[in-house]
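> Quick one, what's the 3D model for this:
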Amino acid sequence: MADLNETTTNSLHIKLTLPAPSQKYPGEYLPPPPSPVGSQLTSQSSAKQNARNVSARLPSVCGLIHLVGTPSQNLEDSDMPAPFRQRRYFQYLSGVTDIPDCELLYCLETDELTLYIPPLDPSAVLWYGMPLGVKECLEKYDVDAVATTSHLLPALTHYRRINPTSPIYILPPSSPSTPHPPSPYNITRLKPAINTCRVYKSPFEISLLRRANAITASAHSSILRTLPFARNESHLEASYLSTCTRQFAKSQAYAPIIGSGTNAATLHYSRNDAPLRPKQLVLIDAGCEWEGYCADVTRTVPVSGNFTPEQKEIYDLVQEMQNACIARTVAGVDFRDVFLLAHRIAVRGLVGMGILRGNEEEVWIAGTSRAFFPHGLGHMVGLDVHDVELPSWGVSVEEAGVYDAIKFPLHGERVAPRVLEKDMVVTVEPGIYFSRFIIKPYLEHPVHSKYIDAEVLERYWDVGGVRIEDDILVLAEGEGNENLTTAPKGAEMLKIIQAMMNVYGQSMEGL
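Okay, the predicted model is just below:
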């Protein structure tokens, strides 16, 4: 983890003292977050500056940005509120993470950012307490003005009366069937403008990502210490979630994936309820949120604290893939080429084990390694775990969206390059899996079957899957990168498990 020397840094959205640095591999507890302070925000780390950056990418110098936050709503057929998650585009320009039913206006001409909050509902105070009012929100958030939503329509009407031809930029409707609003509303320009800004993380955004990773690392470490006593995937999930909650990270970036044995071959396995067996691997893909910013971390560990020979071969191969790919995740490099590098190493390793056979170049050209590494290498991470990316060459700004995986053959048709740049944060998450559902068609294919040794493969089905994932900050060209993820892996990971088993005199072996 990078050393953070400042005692106070300006929040992207809210005036906060900078979190204190944590140990490289934190245990089960990190100090609580700092209390809000009244320090002055700088333009480099404010919601107001985000609005300015977005407006600079719009085609006009006049107009309004109008964003709507997530509405309050109940669970279907229930009077209980659904879990709240602020719309990320709204949060980016407002800083509001936990208040429903908000809206905002940003005037390009006057550079004024106004937050609209719901008016006080006296009947709700008994049940939910007193919400933040206009004065508190003005002090907390980096906006120029705060009013209740009852003032929004008059403000819009007034603006349109004196600026009848100025555009009002809004996000496109979530449903294609929703009628498009009439002019002067513009639904095509705002989303790609915000996406372009969100790709590059500000210093304080990076500090929030570090905090999310530090807490996530602590929670992953607690899983390692729980292994001697755990008897079910659910026990590991409980250990992870409780550690996050104790450190005030109550929201997860995604549902934790705790898959043991063959469950590890399912990429987004979520049942997390199978019993643990002594010679299994367990894949843990879990990351928390901090102030809306996400960590995305995967570790694969042996339940007993020791790999079987087949497990070690696959783990070492995936670790080699990740190490080489992280080293290439630097400014100026096309991330597609890093993905191809991962497959090159996978082919070499699997041929060396005898799972794949034949000439390495022929196996590579055939693309047979996709039977064992069937997903992309990584994605952007930020306010969303699969965060937005820049519009790609050959793709219109209307089509540009979430960058989840690089979906293209290993050779052949041309795809849009995605060149890494300073202040991007991407995951690097290679994996090798033994999924019968995925591999069986390759075994029956007239070309791919020639390159897979089914007899050797039999020894590896029980490995299930191995994935290792870290969050990587791209630095300036020539400066490399910074690994934001501090969760133990490799020898460090095994040392923690084995130490716990030695201390308590327990082992899963023979159970």
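
> where's the residue most central in space within the chain, which helix or strand?
Nearest to the geometric centre of the chain sits residue 385, at 2.2 Å (C-alpha atoms, centre = their mean). For residue 385, there is no helix or strand it lies in under DSSP states H and E.

> Tell me where the model's unsure across this protein.
In the predicted model of the chain, residues 1-45, 175, 177, 391-417, 505-511 satisfy pLDDT under 70.

> Helices of that one, start to end?
Secondary structure of the chain (DSSP state H): helices at 47-55, 88-94, 122-128, 134-140, 152-162, 190-199, 203-226, 233-246, 309-328, 335-353, 360-366, 436-443, 454-457, 490-504.

> Mind listing what's buried along the longest one?
Counting neighbours by 16 or more other C-beta atoms under 10 Å, one finds that the buried residues in helix 203-226 are 203-226. Where you see a C-beta, it was placed from the backbone N, CA and C, and this is true even at glycine.

> For beta bridges, what are the partners of the nearest residue to residue 103 once chain neighbours are set aside?
Using C-beta to C-beta, 6 or more residues apart in numbering and skipping the chain neighbours, the partner closest in space to residue 103 is residue 116 (4.5 Å). Assessed by DSSP bridges, residue 116 has beta-bridge partners residue 103, residue 147.

> dump the residue contacts of residue 116.
Residues near residue 116 by C-beta atoms under 8 Å, 6 or more residues apart in numbering: 102-105, 146-149, 151-152.

> among the helices of the chain, which is nearest residue 424?
When the helices of the chain are compared by C-beta to C-beta, helix 190-199 sits nearest residue 424, at 6.1 Å.

> which helices and strands sit right next to the closest one?
Helix 190-199 is packed against helix 47-55, helix 88-94, with contacts defined by 3 or more C-beta pairs under 8 Å, 6 or more residues apart in numbering; DSSP states H and E.

> outside of the shortest one, which residues touch it?
Contacts to helix 88-94, defined as C-beta under 8 Å, 6+ apart, come from residues 13, 47, 50-51, 54, 65, 67-70, 96-97, 102, 104, 106, 113, 115, 141, 143, 171, 191, 194, 197-198, 292, 383-384.

> can you rerun that using 7 Å?
For helix 88-94, contacts defined as C-beta atoms under 7 Å, 6 or more residues apart in numbering pick out 47, 50-51, 54, 67-69, 97, 102, 104, 106, 115, 141, 143, 171, 194, 198, 292, 383-384.

> In CSV, list the C-alpha atoms belonging to it.
This file holds the C-alpha atoms of helix 88-94, laid out as CSV (Å, rounded to 0.1, in the frame of the first residue of the first chain):
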residue,chain,number,x,y,z
ARG,A,88,-23.7,6.2,-9.6
TYR,A,89,-24.0,9.0,-12.2
PHE,A,90,-25.9,11.1,-9.6
GLN,A,91,-23.4,10.3,-6.9
TYR,A,92,-20.5,11.3,-9.1
LEU,A,93,-21.8,14.9,-9.5
SER,A,94,-23.4,15.3,-6.1
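
> start at 76 instead
Shifting the count to begin at 76 puts that one at helix 163-169.

> Centre of the chain to it, how far?
Relative to the centre of its chain, helix 163-169 is centred 16 Å away, using C-alpha atoms, centre = their mean, to the nearest Å.

> quick one: buried residues of it?
For helix 163-169, by 16+ other C-beta under 10 Å, it's 163-169.

> would JSON lines of the residues you listed with distance to residue 383 be doable?
What follows is the buried residues of helix 163-169, written out as JSON lines (distance: C-beta to C-beta, whole Å):
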{"residue": "163", "distance to residue 383": "42"}
{"residue": "164", "distance to residue 383": "47"}
{"residue": "165", "distance to residue 383": "49"}
{"residue": "166", "distance to residue 383": "45"}
{"residue": "167", "distance to residue 383": "46"}
{"residue": "168", "distance to residue 383": "51"}
{"residue": "169", "distance to residue 383": "52"}
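
> Out of these, which is nearest to residue 305?
Comparing these against residue 305 with C-beta to C-beta places residue 163 closest, at 34.2 Å.

> Which residue, neighbours along the chain excluded, lies closest to residue 247?
Distances taken as C-beta to C-beta, 6+ apart put residue 262 closest to residue 247, at 4.4 Å, once the chain neighbours are dropped.

> Thanks a lot, see you next time.
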